[in-house]
Structures are given as structure tokens and as C-alpha cells.
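K.L.:
Build me a model from this:
(one chain, ligands or ions: 2)
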Amino acid sequence: MAVYTAVSAEALGDFLRGFDHGELVSLKGIAEGVENSNYLVDTTTGRFILTLYEKRVSADDLPFFMSVLDHLASDGNPVPRALPDRTGTLIHELCGRPACLIEFLSGVSVSHPTAAQARAAGAAMGAMHESLAGVALERPNTLGPEGWQALLARCGHDLDAIEPGLFARVTQAADDVVAGWPHDLPRAVIHADLFPDNVLMLGDRVSGLIDFYFACTDIRAYDLAIMHTAWAFDARGEAYDAAVGTALIAGYADRHRLSDAERAALPILAQGACLRFLATRAWDWLNTPADALVTRKDPLAYWRRFEAYRQGLFA
Ligand SMILES: Nc1ncnc2c1ncn2[C@@H]1O[C@H](COP(=O)(O)OP(=O)(O)O)[C@@H](O)[C@H]1O
Ligand SMILES: N[C@@H](CCOP(=O)(O)O)C(=O)O
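P.N.:
Ligands and ions are numbered 1, 2, ... in the order given. Reported below is the predicted structural model:
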């Protein structure tokens, strides 16, 4: 469960008085997610999401995320906009945290995607990339190769408490991936975390793309590689579902050109994605207080995926 900051009904009631969205009817903490505090808010006029930004999201980056969402929504992508209060302000402070009131989107995230759902999700990413092509918004990826190498180094030999010998293995793996990392592929604004839990679906249709709080400027095909690592394996990172992986890439290519060079780079990009998620999961695994209301994610599930890509999954 991810609710790091408790919001009282009184505090939210006061907050909502600044908006034209009715009065508070109910407030519930949302169990899913690991990064921010999210609440489902019902008012006399509708349903909303209240997000308080925690952990890795810097308040300075919120205008970038809101501009990306606004651009995508204007272009017909199913993304939620932050809602302005009566003064036009989007980003607020509530209970000591930066906070936004956000459009609620219908749909559920699937735990075991089918090939048809993966195809639709891949197409939704392709459409998103089409919309973002040439958009003049920039945010460096703080969790790019340098970022995950630094985070793995900060974890240090504590990684060996997760699995004996892990520190040496991931350090070598990171050196190998960085040595082969491509530098000449097209770059653009990417989502960078489009896991199944960040795609809302109604049947086989995508009804929402959410959680843009890792969005940044990076290699565009890296976004697809991240998605592949997250969609095409079981939760333990043991079983690869080729039908899902193939459908995801085919759906993407239906909506956005995937060049031969980008396709050829997918194996190394996917290995980098595995190390990036292994690094943040390992850090959280080692540093989340025992009483935190959040379910930690298994770092080794990303080490197993890494091994699968290194052994030639795409070959
Ligand atoms: N705009 C939205 N519409 C509907 N549900 C949402 C929306 N934003 C978030 N949620 C719900 O809240 C959960 C956590 O949101 P998410 O942005 O993934 O959190 P975190 O940033 O902590 O990972 C999602 O899994 C989804 O159930
Ligand atoms: N997707 C990442 C963690 C980030 O959590 P999210 O709920 O914001 O997607 C992972 O699985 O490690």
C-alpha cells in the first residue's frame, strides 16, 4: 500500500474549497503504487485522484510532468490532467507535501496481460510517442545509466544481503551494459515506467496511461524496452511469454516507426532497463522502514529478467 502522508477529511475539505469541484463526500487511500500517496476522492460533482508527491518526485519537476500530460491529453491520448483551482494553480501544498487534484480515469490494470492487451498497450505507447515527437520539453533522466550505476554503488555490499555475490555480479553487468549502450538512437520525451499497473484497461482497450512521474528525455526505444521487461514476464521474472512480448512490439510498430537500428538495440536497452529497476527495487528493499505502508518489490525478479535478455531472449 502506498499512503505515506495521512490526509484528514478536514484538511481535504478545506483544500477542495479552492476548486469548483463540489464538496467532499468520501476519501480513501489507494493501496497500489509505491512512489507517492494517492487517494480516491468523491465529491458532490464527481470522482478525482489526489496525489501527494513523495520519495523520488521533486516538486521542481512537476511543471514538466504537467506540461507533458497536458500536451498528450490535448492530442487525444488517454492521460489524466491535473485540475486547476479557481486561481488557475495546478500544483499545491497539502499536509506539507506538493499535491495535485487529478482527473479520474476508468479502467483496471491487468496483472496477467494477454497478447491482445499487450498489443493495445504497445499501440498506446506508439501513439504517445507520435504525439511527443518534436515536443520542446526537456528533463534529464536521473535514472539513466549513470543514475543506476550510482544507486547500485550506494547499495554497495548490502546487495549481498539480498543474494550472496549480487554486488559483484550487478557491478560487472552494469559495466558491460554501459560499454555497449547506444548513443546514436532518436531521443524524445518518454514515460519510462509503463508497467501494466500504469495502464488502465477496459477489456482489450486502453482507457488510461498514468503515473508519468519518471517521464524524461531519453532514447525513445528505451521506453519500449522498459515496457517489454515489465509486460512479457511473470512477476518473479522467471517465465517469458513470447506471445505477449511479440504483440507488444507489433502494437507499438503499428503506431510509431521502429527502425532497424532501434530493433537491433532492444536487447541492450532491455538489459539496461533491468538494471535500472533492479537498482531502485534493491535500494527500496534495503531502505524501506519495516512499518512503512508499502509493499516492497522484489529486486531479484529483475536480475532474472536481466539474465534472460543477456542470454539472447530477442535473438
Ligand atoms: N488518474 C487516475 N485515474 C484512476 N486511477 C488512478 C489515477 N491515478 C492513479 N490511480 C490509481 O492509483 C494507483 C497508484 O497510482 P500511481 O500513479 O501508479 O502511484 P505511484 O506513483 O505511487 O506509483 C494506480 O494503480 C491506480 O489504481
Ligand atoms: N514500476 C517500478 C516501481 C515504480 O512504481 P509505480 O507504482 O510508480 O509504477 C517497479 O516495478 O519497480
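
K.L.:
Around ligand 2, which positions in the stretch 1-150 of the chain sit nearby?
P.N.:
Residues of the stretch 1-150 of the chain lying near ligand 2 by CB under 6 Å from any ligand atom: 33-35. Placement of C-beta: from N, CA and C, glycine included.

K.L.:
Nearest to ligand 1 among those?
P.N.:
Proximity of these to ligand 1 (CB to the nearest ligand atom) peaks at G33, which lies at 2.6 Å.

K.L.:
and the closest residue to the closest one other than its chain neighbours, how many neighbours?
P.N.:
Counting by CB to CB, 6 or more residues apart in numbering, G33 lies nearest to A2, which is 4.2 Å off, once chain neighbours are set aside. A2 has 19 neighbouring residues, counting by other CB atoms under 10 Å.

K.L.:
my guess is A2 meets L52, correct?
P.N.:
No. With contact defined as CB atoms under 8 Å, A2 does not count as touching L52 (10.2 Å).

K.L.:
Assess the claim that I162 and R281 are in contact.
P.N.:
No. I162 lies out of contact with R281 (CB under 8 Å); the separation is 9.3 Å.

K.L.:
Please identify every residue contacting each of these two.
P.N.:
Taking CB atoms under 8 Å, 6 or more residues apart in numbering as the criterion, I162 and R281 both touch P299.

K.L.:
L194: what's it in contact with?
P.N.:
121, 125, 209, 223, 226-227, 230.

K.L.:
These in strands, which ones?
P.N.:
Secondary structure defined by DSSP state E assigns L209 of the contacts of L194 to strands.

K.L.:
Just give me the closest of the contacts of L194 to ligand 2.
P.N.:
Of all the contacts of L194, ligand 2 sits closest to A230, with 6.8 Å by CB to the nearest ligand atom.

K.L.:
hang on, M201 packs against R119?
P.N.:
No. If you go by CB under 8 Å, M201 and R119 don't touch, sitting 11.7 Å apart.

K.L.:
Give the burial count for the residue in the stretch 51-200 of the chain that ligand 1 sits nearest to, as a bare number.
P.N.:
Nearest to ligand 1, among the residues of the stretch 51-200 of the chain, is P80, at 3.5 Å (CB to the nearest ligand atom). When neighbours are defined as other CB under 10 Å, P80 has 22 of them.
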